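**Q** sequence unknown, structure follows:
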């Protein structure tokens, strides 16, 4: 029997944290709790987590900044992050997704909804792992294990997790054209905040060599695709 998956629960409200912990524990997960950004950072430096559930507003910091730190950690860049907050403001939601959150839930969050997203994101990670460590497309190689992009004689390691996932998605599905809503649904698990895709496409192209960036093309009225 495999060991239970570990969930890092970062929530300063003791009542909410207790509710979520009970739901996750009852579903068979091992839960590690933190009530502040400092405590979460310490835990992440000493142990691995399979999923992070992160409150946006913490007494000693912002969940967005903690999410960014998680995404720059060499072991945690693919770890699913569910951001939970009492604020459903679209600007905050966009900031959360831009920082690398995989899902954004607005309180109150029911136990079934929380467990549904934990299970869905874990399945995505298992599916991606089963596809192998490398995706090759001509002179382009995406190394999912090392989080590296190799193009011709260049090695790129400066992509954020979402930029890497976006490139991987478009390359793996080439030359299909995908709408912003389809990309949001697959990579951010939402159908809102369309400009998140455009922002990430812009940043991704800016970091890639010119001849590689030009392969990510916009199709007016339809979306984006990767075209060799």
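**A** Thanks, I have the structure now. Note that this is a predicted model, so its numbers are computed, not measured.

**Q** Pop the domain breakdown of this structure in here.
**A** Per automatic domain parsing, the structural domains of the chain span 6-129, 134-226.

**Q** okay, how far is it across stretch 28-43, tip to tip?
**A** 20 Å (C-alpha to C-alpha, to the nearest Å).

**Q** Outside of that stretch itself, list whatever touches it.
**A** 3-12, 14, 17, 21, 24-25, 47, 49, 54, 58-63, 65-66, 69, 118 (C-beta atoms under 8 Å, 6 or more residues apart in numbering). All C-beta atoms are positioned from the backbone trio N, CA, C, and that covers glycine.

**Q** Among the residues you listed, which lie within helices?
**A** Those of the contacts of stretch 28-43 mapping onto helices are 14, 17, 21, 24, 25, 63, 65, 66, 69, 118, per DSSP state H.

**Q** Check those and tell me the two furthest apart.
**A** Using C-beta to C-beta, the ones in helices among the contacts of stretch 28-43 span at most 28.1 Å, a distance reached by 25 and 65.

**Q** hmm, back to that, output the domains of the chain as a markdown table; include the columns mean neighbour count.
**A** Listed next are the domains of the chain as a markdown table, based on neighbours: other C-beta atoms under 10 Å:
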| stretch | mean neighbour count |
| --- | --- |
| domain 6-129 | 18 |
| domain 134-226 | 16 |
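
**Q** Redo those domains as a markdown table? Include mean pLDDT.
**A** As requested, those are arranged in a markdown table below (pLDDT from 0 to 100):
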| stretch | mean pLDDT |
| --- | --- |
| domain 6-129 | 85 |
| domain 134-226 | 86 |
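
**Q** picking up where we left off before, of the ones in helices among the contacts of stretch 28-43, which is the nearest to residue 101?
**A** Using C-beta to C-beta, the ones in helices among the contacts of stretch 28-43 come closest to residue 101 at residue 63, 8.5 Å.
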